[in-house]
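# Following is a predicted model, sequence given first.
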Amino acid sequence: MLVQLWPQKAQNLSKLRGAFDRGLASTTQRYVCATENGEIVGFASFSMKSSLWQEALLASLDELVVDEASRGQGIGGALLDYVVEIARKTGCGRIELDSAFHRTEAHEFYERRGFEKRAFLFTMAL
């Protein structure tokens, strides 16, 4: 499903597995899957950090993807609701995410769910 999320990105399975394993071992990273008939049809990951600006924990929705064949069935909304619930119960005061400019359908999805555009994301490869 990550290929569906990032179709232009070449996947380095060794590095991806390392990042996944570090997330599993982390106390601040969470992974959530939606399944149907024993198959994974949706995936979300989020992380939490202490934020001075928020004066609380801040959740960051890192990935959210639903298999193309299963979209439009409410799976993404259910995953997002679950992540928000966990973030609230953990004491997060806010949840944020970034979304590429071209993902206009995703932007509409998040805005319908109560998210608002608040800032630009700046990035630099190291």
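On my side now, so go ahead.
# Could I get the average pLDDT for the helix or strand harbouring Glu105?
Here Glu105, judged by DSSP states H and E, is contained in helix 104-112. The average pLDDT within helix 104-112 is 94.
# And stretch 11-25, by the same measure?
Stretch 11-25 comes out at a mean pLDDT of 92.
# from here on, count from 23
Sounds good: first residue 23 from here, last item stretch 33-47.
# among the helices and strands of the protein, which one scores worst on average pLDDT?
One helix or strand of the chain scores below all others by mean pLDDT, DSSP states H and E: helix 24-27, with a mean of 82.
# next helix or strand past that helix?
With DSSP H and E, the next secondary element past helix 24-27 is helix 35-47.
# so what secondary structure elements neighbour that next one?
strand 51-58 (3 or more C-beta pairs under 8 Å, 6 or more residues apart in numbering; DSSP states H and E). Where C-beta positions appear, they are placed from N, C-alpha and C, glycine not excepted.
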